[in-house]
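In: structure for this input, please:
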Amino acid sequence: MVASWRDLCRPRLYASRPIGRWRTTAIWRKTGRALAPMRLSKGLPDLMTIDHPLVDVVRLKPLEGFRLWVRFSDGREGVADLSAVVARSGAMVAALKDPAYFDRVFIEAGVPTWPNGYDFGPSALYVEMRDAGALQPVAAE
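Out: Coordinates of the predicted model:
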């Protein structure tokens with residue numbers, strides 16, 4: 001028997017799935033909410049509430065040693081060391097090993113991007129810099 005399109009699109013309930021699975025609400029058609037995270041336990045945080053800020057890069061400047069000076073849309077700035085990223089292997093990262101090519105970084109839609117299409121997510125960059133203590137509020141201009 002072939003499933004119809006209607007059956008494939010119907011929300012399913014997964015009330016007792018293991019950790020990390022998603023469930024749909026029983027009143028999906030009434031509320032419009034399709035997916036909701038399952039609560040792990042009272043003592044553990046909900047996976048969807050972990051702090052991942054929605055920021056964009058508004059300014060950047062390449063520095064020596066595969067570092068970038070970056071200013072984010074929330075008014076914080078700092079220097080990001082991307083030498084660990086450049087040390088990775090892969091076709092996209094291989095071009096970044098040339099310092100002259102690394103310096104060709106630009107901002108596209110709030111994301112640091114290089115001419116070969118490699119980009120670094122601003123939220124991941126922000127969290128990495130915040131955890132390293134490299135972010136500071138922008139001084140009044």
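In: now residue 84. Its backbone dihedrals?
Out: With angles defined as degrees, to the nearest 10, residue 84 sits at phi -70, psi -30.
In: any idea how far it is from residue 58?
Out: 24 Å (Cβ to Cβ, to the nearest Å). Quick note: C-beta positions are derived from backbone N, CA and C, even for glycine.
In: so the two - more neighbours on which side?
Out: residue 58 (15 against 9; other Cβ atoms under 10 Å).
In: ok, what's across the strand from the closest residue to residue 120 other than its chain neighbours?
Out: Residue nearest to residue 120 in three dimensions, not counting chain neighbours: residue 112, with 5.0 Å by Cβ to Cβ, 6 or more residues apart in numbering. In this entry, residue 112 is beta-bridged to residue 107, by DSSP bridges.
In: my read: residue 112 touches residue 119, true?
Out: Yes - between residue 112 and residue 119 there is a contact under Cβ atoms under 8 Å: 6.3 Å.
In: between those two, point out the one with more neighbours.
Out: Per other Cβ under 10 Å, whichever of residue 112 and residue 119 has more neighbours is residue 112, with 21 against 15.
In: wait, residue 96 touches residue 85, no?
Out: Yes - with contact defined as Cβ under 8 Å, residue 96 reaches residue 85; the gap is 7.4 Å.
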